[in-house]
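K.L.:
Any chance you can model this:
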Amino acid sequence: MDGHLKVASVQFHVVDGDMAANMAKVEEMAMKVSENEKNVDLMLFHEACLESGLGLENIDDAITKKVNDFWTALAGKTGINILAGRLERQGDKIYNKGTVYAPDGKILADYAKIHLYNQERETITPGDSMSIFELNGMKIGIMICADFGFPELSRKYATAGVDVLAVTSSWAYPDDDLWDLCNRTRAAENGIYVVSCDRTGPTSKGVVKVGRSMVCDPNGFVIANLVEKEDIYFVETLHKSEVDERHQTMKWLEWIRPEVYANL
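P.N.:
Numbers count the residues shown, from 1 in each chain. Alright, predicted model coming up:
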């Protein structure tokens, strides 16, 4: 039987600095998916979506626990595995994470962003390892925002057998074309699916987020795109057979030559 993964990506308007409002909106959207869609395996929410605009000095142990407890409870309430972007305080360090919460209360995967962007490099502690989990016979790797711009990481995931890259992000204009390219290229060059989640609209700092949460198939074709709409989601079913077929017709992963690259 074909391995398959039914994914939802939720794109909503964030109220910067108001975690209670964001929690209410996330729960509203998550319940809408749960009530209106059948057998969703994985639901994505964007990078640091509850804590956006709070300021890192406010991310303490209490906020970390509150956010963690919220996502744990929401996965249980919806009966859907949730990949949530969040911030985590560990002593004097703060990590930018993508965590997968299962309905039974377990954490299936916990990834710390490896490639930090601009000011993040001064305040966030980078991760140093991939995170892969499995649902319905399909392997899924997690990336966060700026990770998208580094083909080295997506290729490591692909050669580790990942069928899907799940990307939680907070990507901004004027790099909208780059966002589109990263979604399509990371899928096409590795022959795998890419499913992404990004926020939309202006932030309190004046930048505008691109939205465009999407799914690209193993050929790099866009099969779902939320464009710049607010408070919306898509549901798509991904098939392992399509990944396997693409690997047979375009053998990028067989043709790589790491022994040569090491000497260049």
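K.L.:
State the pLDDT value of residue 149.
P.N.:
Note for residue 149: predicted pLDDT of 97.
K.L.:
so how far is residue 132 from it?
P.N.:
Distance, residue 149 to residue 132, using Cβ to Cβ, to the nearest Å: 20 Å. Every residue, glycine included, has its C-beta placed from N, CA and C.
K.L.:
what do you get for residue 46?
P.N.:
21 Å.
K.L.:
Equivalent analysis for residue 219, please.
P.N.:
Taking Cβ to Cβ as the measure, residue 219 falls 23 Å from residue 132.
K.L.:
What of residue 48?
P.N.:
From residue 48 to residue 132 the distance is 22 Å (Cβ to Cβ).
K.L.:
So if I had to pick from those two, which one is more boxed in?
P.N.:
Neighbours of residue 48 and residue 132, each counted by other Cβ atoms under 10 Å, are more numerous for residue 48; the result is 28 against 15.
K.L.:
correct me, but that one touches residue 87?
P.N.:
Yes - contact criterion Cβ atoms under 8 Å: residue 48 and residue 87 qualify, at 5.3 Å.
K.L.:
which neighbours do those two share?
P.N.:
Both residue 48 and residue 87 are contacted by residue 96, under the criterion Cβ atoms under 8 Å, 6 or more residues apart in numbering.
K.L.:
Contacts for the helix or strand encompassing residue 26, please.
P.N.:
Here residue 26 sits within helix 19-36, counting by DSSP states H and E. By Cβ under 8 Å, 6+ apart, the residues outside helix 19-36 that reach it are 8, 10, 12-15, 40, 43, 45, 49-52, 54, 63, 66-67, 70, 74, 77-80, 82, 231, 233, 235.
K.L.:
Around residue 120, how many other residues sit close by?
P.N.:
Here the count is done by other Cβ under 10 Å, and residue 120 has 17 residues near it.
K.L.:
I'd like the next helix or strand past the helix or strand of the chain with the lowest mean pLDDT.
P.N.:
With mean pLDDT, DSSP states H and E as the measure, the helix or strand of the chain carrying the lowest mean pLDDT is strand 200-202 (a mean of 90). Next helix or strand after strand 200-202 toward the C-terminus (DSSP H and E): strand 208-210.
K.L.:
What residues sit buried inside that following strand?
P.N.:
209-210 (16 or more other Cβ atoms under 10 Å).
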